[in-house]
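Asks: For reference, the sequence and a predicted model appear below.
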Amino acid sequence: MKTSFKILSESTAEDWQVIIGEQKKFMSGLADRILEHMKLLEGDYGGFPIDRLQHCLQTAERAAEDGRDDEYVVCALLHDIGDTLGSYNHADVGAAILQPFVSEANHWMVKHHAIFQGYNFFHHLGMDRDLRDRFGNSEYYDYTAEFIAQYDDPAFDASKPALSLELFAPMVRAVMAEPRTSLYKAALDRDK
């Protein structure tokens, strides 16, 4: 079903009933679209010892094995999803995708992980490896530094057997089943 207005400002409440209904159907497939998009990282080594998908899977596996909750593990899995479409700001892309579904701490961690990971290599590029220190007053500084040290940084192990994205699919679907925050949350929740 679709509406027939030609200019958005001429739309009606009835039009928006149709649009919201269609949006709910579309949004219900978000987790599966995210998982499908993650597959674009497969085979993309970018010079690293393992492809970007295996890096994300190793990061998530390390977090899961350490007893982190599902939300954290999903953030670990999706932290580099932006490498495909946001090659110059991948952390921002991942954070934007996750923001409606995760805590402020986990959103901040994903959003800033690239700067924090830079501590390990920025100096090799002639950059300031201590760039992360400008966030030293953030309540999430240590949380993000820990994510890098324990999960992101050591997740480049070419000797590990390849992991399957399907291991984490149920977790992604569960975390992304219901947004916590969204500009449209009230409208989407209205007819539940």
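Replies: Received the coordinates, thanks. Numbers count the residues shown, from 1 in each chain.

Asks: so who does Met109 touch?
Replies: Cys75, Tyr140, Tyr143, Thr144, Phe147 (CB atoms under 8 Å, 6 or more residues apart in numbering). Every C-beta, even on glycine, is put in place using the N, C-alpha and C of the backbone.

Asks: Recalculate using a threshold of 10 Å.
Replies: Contacts for Met109 (CB atoms under 10 Å, 6 or more residues apart in numbering) come out as 72, 75-76, 79, 91, 95, 98, 102-103, 116, 140-141, 143-148, 152.

Asks: Could I get the average pLDDT for stretch 27-47?
Replies: Regarding stretch 27-47, the rounded mean pLDDT is 97.

Asks: Tell me which residues of that stretch come out buried.
Replies: Residues of stretch 27-47 classed as buried: Met27, Leu30, Ala31, Ile34, Leu35, Met38, Leu41 (neighbour count, 16 or more other CB atoms under 10 Å).

Asks: so how far is Leu165 from the fourth one?
Replies: In this case it means Ile34. Ile34 sits 10 Å away from Leu165, taking CB to CB, to the nearest Å as the criterion.

Asks: Checking Ser9 next. Helix, strand or coil?
Replies: State at Ser9, reduced to three classes by DSSP: H, G, I helix; E, B strand; the rest coil: helix.

Asks: Compute the first-to-last residue distance for stretch 161-181.
Replies: Start-to-end span of stretch 161-181 (CA to CA, to the nearest Å) is 37 Å.

Asks: avg pLDDT for that stretch?
Replies: On average, the pLDDT along stretch 161-181 is 96.

Asks: buried stuff in that stretch?
Replies: For stretch 161-181, burial by neighbour count (16+ other CB under 10 Å) applies to Leu165, Phe168, Ala169, Met171, Val172, Val175, Met176, Pro179.

Asks: Trp108: which of the buried residues of stretch 27-47 is nearest?
Replies: Relative to Trp108, the closest of the buried residues of stretch 27-47 is Ile34; by CB to CB it sits at 19.9 Å.

Asks: Sticking with the nearest residue to the closest one once chain neighbours are set aside, tell me its helix or strand.
Replies: Once flanking residues are discounted, Ile34 sits nearest to Val172: 6.3 Å by CB to CB, 6 or more residues apart in numbering. Taking DSSP states H and E as the criterion, Val172 maps to helix 169-175.
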